[in-house]
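# The sequence isn't on hand, but the structure is:
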């Protein structure tokens with residue numbers, strides 16, 4: 001069980017090729033105030049047996065014209081993710097699961113037309129992570145009792 005509440009570089013999705021691959025082949029769903037695009041990578045890492053969740057945060061200019069507002073929303077989103085990512089690692093963190101050594105790439109795209117408060121964003125992140133866990137379990141048809 002990973003109780004680290006940091007947000008290190010290895011959990012940030014970087015690189016043009018990875019991001020374009022995510023948006024080209026990923027699956028998506030909505031969890032207000034976010035649109036979520038995710039993809040489970042096909043390659044298995046030989047150096048790390050634990051699954052990694054790599055995240056990208058995006059806030060568009062269409063409804064949030066000022067950079068100050070966009071940066072505030074991204075800060076709130078990163079903080080909410082940092083505090084709630086443990087539910088993903090508690091579910092899939094043990095070695096021996098189907099995600100062993102794989103990476104899960106996720107883009108969180110802010111879609112609300114107004115600047116939401118931290119509690120609304122945090123609730124959206126929690127809902128996003130629970131939907132992500134359920135969809136990954138359905139994708140590989142794991143019985144609910146065995147994934148624990």
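Received it, and whenever you're ready, just let me know what you need. Everything numeric in this text was worked out from a predicted model, so none of it was measured.

# Show me what the biggest helix by length in the chain is packed up against.
In terms of residue count, the longest helix belonging to the chain (DSSP state H) is helix 118-140. Packed against helix 118-140 by the contact rule (3 or more Cβ pairs under 8 Å, 6 or more residues apart in numbering; DSSP states H and E) you find strand 27-31, strand 34-40, helix 67-84, helix 86-92, strand 103-110. All C-beta spots, glycine's among them, are computed from the backbone N, C-alpha and C.

# Identify each buried residue in it, please.
Buried residues in helix 118-140, defined by neighbour count with 16 or more other Cβ atoms under 10 Å: 120-129, 132-133, 136-137.

# which helices and strands does the worst-scoring helix or strand of the chain on mean pLDDT pack with?
For the chain, the helix or strand with the lowest mean confidence is helix 86-92, at a mean of 85 (criterion: mean pLDDT, DSSP states H and E). Secondary-structure packing of helix 86-92 (3+ Cβ pairs under 8 Å, 6+ apart): helix 118-140.

# neighbouring contacts of the helix it packs on?
27, 29, 31-34, 36, 38, 40, 73, 76-77, 79-81, 83-85, 87-88, 91-92, 98-99, 104, 106, 108, 116, 144, 147 (Cβ atoms under 8 Å, 6 or more residues apart in numbering).

# Any idea how far that helix is from the middle of the chain?
On the basis of Cα atoms, centre = their mean, to the nearest Å, the separation between the geometric centre of helix 118-140 and that of its chain is 8 Å.
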